[in-house]
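Student: need coordinates for the below:
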Amino acid sequence: MSRPDLLPDLTDCARRAGDAIMAIYAQKDKGAELKGDGSPVTLADTAAEAVILPVLARLTPDIPVVSEENAASHSLAPPKRFWLVDPLDGTKEFIRSEKDGAFTVNIALVEDGQPSLGVVFAPALDRMFTGCLGQGAEEDGQAIRIRGLPASGAVAVASKSHRDATTNAWLERHGISETVSIGSSLKFCLLAAGEADVYPRFAPTMEWDTAAGHAVLAAAGGHVTTTDARAPFGYGKPDYFNEGFIAWAGFRA
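Tutor: So this is what the prediction gives:
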């Protein structure tokens with residue numbers, strides 16, 4: 001099955017995972033616990049994963065899946081092609097029931113170290129983003145593209161929970177004063193949809209946090225590099241651990 005042929009099933013799957021998340025979002029007790037690494041997990045994380053993994057197994061039984069909540073998959077040696085799944089990205093925002101709804105379902109296909117297909121669904125906002133290598137990016141079925149740099153100057157997106165002094169210094173050094181603060185992989189999608197221009201990230205993340213949004217941004221004409229901007233940002237690293245990166249749309253350093 002080709003990458004574009006996978007998208008209808010993946011978007012349906014992401015919506016059903018989103019429904020499972022929203023059912024728990026409406027509850028006062030979200031079953032939040034801390035994992036061994038100190039990050040939170042909720043009933044919604046496991047409910048969404050239970051929707052996604054059987055669909056991927058049916059669609060592509062020969063492609064391994066690395067998922068945040070499936071700890072056993074984290075020891076998998078990265079093959080040439082694999083899925084990266086974060087069933088609920090932005091768990092902290094989800095637990096706090098923040099009004100901006102900045103949590104997402106992330107599903108990405110990685111091939112030869114780069115995300116080639118990505119689905120990002122924000123169920124509280126009902127925004128569905130998709131990106132496919134060679135096919136472009138869409139939001140809710142409408143084509144999206146990075147914008148040219150506005151005459152008023154670049155707008156940066158920044159992490160809501162992990163903004164730090166290094167990020168502030170980078171923004172100041174590049175003369176960027178206007179920022180949008182939001183959680184989850186929506187930061188990549190705002191770039192892809194032409195709502196912002198650059199996303200600097202210096203705090204660590206995991207590959208399942210970034211791959212789907214990276215795929216959407218790349219399909220929309222953007223790219224992601226290491227923080228020194230000298231190399232593409234790749235996947236299949238040891239322990240699926242990300243150092244910092246810069247996601248670029250219309251802004252160029």
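
Student: what ranges of the stretch 101-250 of the chain fall below the confidence cut-off?
Tutor: The stretch 101-250 of the chain contains residues with pLDDT under 70 at 160-162.

Student: which stretches in it count as strands?
Tutor: 104-111, 114-122, 127-132, 136-139, 142-144, 155-159, 178-182, 198-201, 205-206, 223-225, 241-242, 245-248 (DSSP state E, counting those that start in this stretch).

Student: and residue 135, what does it touch?
Tutor: Going by C-beta atoms under 8 Å, 6 or more residues apart in numbering, residue 135 touches 3, 4, 219. All C-beta spots, glycine's among them, are computed from the backbone N, C-alpha and C.

Student: separate out the buried members of the residues you listed.
Tutor: Among the contacts of residue 135, those classed as buried by 16 or more other C-beta atoms under 10 Å are 3, 219.

Student: mind checking which of the contacts of residue 135 are in helices?
Tutor: 3, 4, 219 (DSSP state H).

Student: contacting residues for the nearest residue to residue 231 once chain neighbours are set aside?
Tutor: Nearest in space to residue 231, with sequence neighbours left out and distances taken as C-beta to C-beta, 6 or more residues apart in numbering, is residue 225 at 6.3 Å. Contacts for residue 225 (C-beta under 8 Å, 6+ apart) come out as 231, 232, 233, 245, 246, 248.

Student: got it, and residue 55?
Tutor: Taking C-beta under 8 Å, 6+ apart, one finds 9, 10, 13 in contact with residue 55.

Student: surely the first one meets residue 57?
Tutor: Spelled out, it's residue 9. No: contact criterion C-beta atoms under 8 Å: residue 9 and residue 57 do not qualify, at 11.9 Å.

Student: returning to what we had before: show me which of the contacts of residue 135 is closest to residue 39.
Tutor: Comparing these against residue 39 with C-beta to C-beta places residue 219 closest, at 28.4 Å.

Student: wait, residue 19 touches residue 123, no?
Tutor: Yes: in this structure, residue 19 is within contact of residue 123 by C-beta under 8 Å, at 7.1 Å.
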